[in-house]
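**Q** Generate a structure from the sequence data that follows.
(chains A, B, C and D)
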2 protein chains.
Amino acid sequence: MKGRSDELGLYLFVQHVGRRLRHIDAAYGLSSSRVSAMAHLAFHGVDNVGQLAAHEGVSRPSMTRLVRDMESDGLVRRSPDANDGRGVLVALTKKGRALVEKIRTEKIALIAAHVNTLDPAARRALRLTLENLHALETAKN
Amino acid sequence: MKGRSDELGLYLFVQHVGRRLRHIDAAYGLSSSRVSAMAHLAFHGVDNVGQLAAHEGVSRPSMTRLVRDMESDGLVRRSPDANDGRGVLVALTKKGRALVEKIRTEKIALIAAHVNTLDPAARRALRLTLENLHALETAKN
DNA sequence: TATTGTTATACTCTATAACTATA
DNA sequence: TATAGTTATAGAGTATAACAATA
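**A** Numbers count the residues shown, from 1 in each chain, chains lettered A, B, ... in the order given. I've put the predicted structure just below:
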């Protein structure tokens, strides 16, 4: 490998795996936006429309519509915010939570199919790499 | 770290970095579809509309339109296929190639910003990991 | 007939601007 | 006034169906 190959290899790997992960969203008939918003709710719990929009990097009107459509499909529930009469709180329904967890499980299984075929030395190397990358991420944010 | 943490860590890393790479496409005012199609042309050279559509996972009419719009913006060039009167060959223009290479460079720089802060042991581990993952990919396809 | 590319049309996701209700 | 959410409207990207030209 030449000098810049670490970055190039990681770039190609992220591109390739990222594409396959998005195919899983599509296979469940869900847009990436829906899956992303639902994953956010699964991790952070209840959130209001504006904050959801900010976290997901879309406009508030777009999130209003996304939430409305997901509510129609029984994936999330809207409720008034007791602390702010203007606010609307969004939470996953049981159905929504089950779906997002199923998709996440499938994505992790896809990655596990890669990882599990690595030999022990490579797995140790991967663990060390991820610990370092994770440390960098958390230090930065 | 617990038993399944390797896969989970890799999943979260791919999600996070993938999102940041897509932000770079957006910063250049290009859709992911355009960047992906242009990257394909940069790597594989000239290709016809149908094969481009197949490789990018979109319908042929969608690729017809994508190519037409990119041609309007001077990013690609359409030309008749001498070997098949029905075919249309698509190639990057000089402008298109420069742009796709600039974006790729910026993406790799983003990843390099991570990799370059790893200590030597972690970099060796990353290199080993990527070599193994790459070997798995090429063996599979 | 089968295939390549295109046109016609419609649906989804997104955005900006204008509006309503509450702080 | 400022903010949270919505509605109105428009643009980009995608798909399927129907069509033209060539194999």
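
**Q** Please, where are all the helices along chain A?
**A** A:5-27, A:32-44, A:49-56, A:60-72, A:94-115, A:120-140 (DSSP state H).

**Q** Not counting its own residues, what contacts the longest one?
**A** With contacts defined as CB atoms under 8 Å, 6 or more residues apart in numbering or on different chains, helix A:5-27 is touched by A:1, A:31-32, A:34-35, A:103, A:106-107, A:110-111, A:114, B:11, B:13-15, B:17-18, B:21, B:104, B:107-109, B:111-112, B:114-115, B:123, B:126-127, B:130-131, B:133-134, B:137. To be clear about C-beta, it is placed using only N, CA and C from the backbone, and glycine gets the same treatment.

**Q** do the shortest one as well
**A** Applying CB under 8 Å, 6+ apart, the external contacts of helix A:49-56 come out as A:33, A:36-37, A:40-41, A:44, A:47, A:59-60, A:62-64, A:67, A:87-88, A:90.

**Q** among the residues you listed, which are in reach of DNA strand D?
**A** A:60, A:64, A:67, A:87-88 (CB under 7 Å from any atom of the strand).

**Q** In ChimeraX, how would I select just the buried ones from the contacts of helix A:49-56?
**A** ChimeraX command restricting the contacts of helix A:49-56 to the buried ones, with burial defined by 16 or more other CB atoms under 10 Å in any protein chain shown:
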select /A:33,36,37,40,41,47,63,64,67,90
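
**Q** about what we covered before: export the helices of chain A as TSV, with columns for mean pLDDT.
**A** Shown next, in TSV, are the helices of chain A (pLDDT from 0 to 100):
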stretch	mean pLDDT
helix A:5-27	88
helix A:32-44	95
helix A:49-56	97
helix A:60-72	98
helix A:94-115	93
helix A:120-140	78
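
**Q** Go through those and name the closest to B:E71.
**A** Nearest to B:E71, of all the helices of chain A, is helix A:5-27, at 24.8 Å by CB to CB.

**Q** Can you show me the CA trace of the closest one as CSV?
**A** Taking Å, rounded to 0.1, in the frame of the first residue of the first chain, the C-alpha atoms of helix A:5-27 are listed here in CSV:
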residue,chain,number,x,y,z
SER,A,5,-4.0,4.3,0.9
ASP,A,6,-5.5,4.3,4.4
GLU,A,7,-7.7,7.2,3.6
LEU,A,8,-8.7,6.0,0.2
GLY,A,9,-9.5,2.5,1.5
LEU,A,10,-11.6,3.9,4.3
TYR,A,11,-13.4,6.2,1.8
LEU,A,12,-14.2,3.4,-0.6
PHE,A,13,-15.3,1.2,2.3
VAL,A,14,-17.7,3.8,3.7
GLN,A,15,-19.1,4.5,0.2
HIS,A,16,-19.7,0.8,-0.5
VAL,A,17,-21.1,-0.2,2.9
GLY,A,18,-23.2,3.0,3.1
ARG,A,19,-24.8,2.2,-0.2
ARG,A,20,-25.7,-1.3,1.0
LEU,A,21,-27.2,0.0,4.2
ARG,A,22,-29.4,2.4,2.3
HIS,A,23,-30.6,-0.5,0.2
ILE,A,24,-31.9,-2.1,3.4
ASP,A,25,-34.0,1.0,4.1
ALA,A,26,-35.5,0.8,0.6
ALA,A,27,-36.2,-2.9,1.0
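
**Q** and the angle from it to helix B:5-27?
**A** 90 degrees (axes from the mean of the first three to the mean of the last three CA atoms, to 10 degrees).

**Q** quick one: is helix A:5-27 near DNA strand C?
**A** No: Helix A:5-27 stays clear of DNA strand C (CB under 7 Å from any atom of the strand), getting no nearer than 10.0 Å.

**Q** can you give me how far that helix is from the chain middle?
**A** 14 Å (CA atoms, centre = their mean, to the nearest Å).

**Q** can you tell me how far the nearest residue in space to A:E101 that is not next to it in sequence sits from A:R20?
**A** Leaving out its chain neighbours, the residue that sits closest to A:E101 by CB to CB, 6 or more residues apart in numbering or on different chains is A:A42, at 7.0 Å. The gap separating A:A42 from A:R20 is 21 Å, by CB to CB, to the nearest Å.
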